[in-house]
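after the sequence you'll find the predicted model.
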Amino acid sequence: MTKVILGNDIAQVDAPSGRRYGGNMPGRVFDMTPGDAKAVVKLGGALASLSGTTRRRLAFRCKTCGFRPFIASCSRCAAAGREGECVRE
């Protein structure tokens, strides 16, 4: 089974297998078959990362301030009105 999180904007989803996920529980983690999970992710759900931590090797490094965001734009520089250039290490 694959774990999927329904986004807060998704009230419920009828999956290809015929199962219904959601109801009044957006943001909750659901166990789904791989086929259902693939379809729900296309509709806006997200695969759950239940490992606890994200590996640092996945992070970027901001050349301006040294922050290590997990996306290619630096939120610290954006908040300070600067444009931080991030590169993957």
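All right, it came through fine. Numbers count the residues shown, from 1 in each chain.

now do stretch 64-83: distance from first to last residue.
Using CA to CA, to the nearest Å, the end-to-end distance of stretch 64-83 comes out at 8 Å.

tell me the average confidence for that stretch?
Averaging pLDDT along stretch 64-83 gives 82.

buried residues, it. List them.
P69, C74, C77 (16 or more other CB atoms under 10 Å). C-beta here means a position set from N, CA and C on the backbone, and glycine is covered the same way.

so what does the lengthiest helix in the chain touch, helix or strand wise?
In the chain, with assignment by DSSP state H, the single longest helix is helix 34-42. Helix 34-42 sits against strand 2-5, with contacts defined as 3 or more CB pairs under 8 Å, 6 or more residues apart in numbering; DSSP states H and E.

pull out the buried positions in the strand it packs on.
Going by neighbour count (16+ other CB under 10 Å), the buried part of strand 2-5 is T2, V4, I5.

over to stretch 7-27?
Those would be I10, V13, A15, Y21, G22, for stretch 7-27 by 16+ other CB under 10 Å.

got a list of what F67 touches?
Contacts for F67 (CB atoms under 8 Å, 6 or more residues apart in numbering) come out as R61, C74, S75, R76, C77, G84.

okay, domains of this protein per the record?
According to automatic domain parsing, the chain comprises the domains 2-47, 56-88.

what sits against R61?
With contact set as CB under 8 Å, 6+ apart, R61 has these partners: F67, R68, C86, V87, R88, E89.

what's opposite the fourth one in the beta bridge?
Yep, that's V87 we're talking about. Going by DSSP bridges, V87 is paired in beta bridges with R61.

measure G7 to Y21 for me?
Distance, G7 to Y21, using CB to CB, to the nearest Å: 12 Å.
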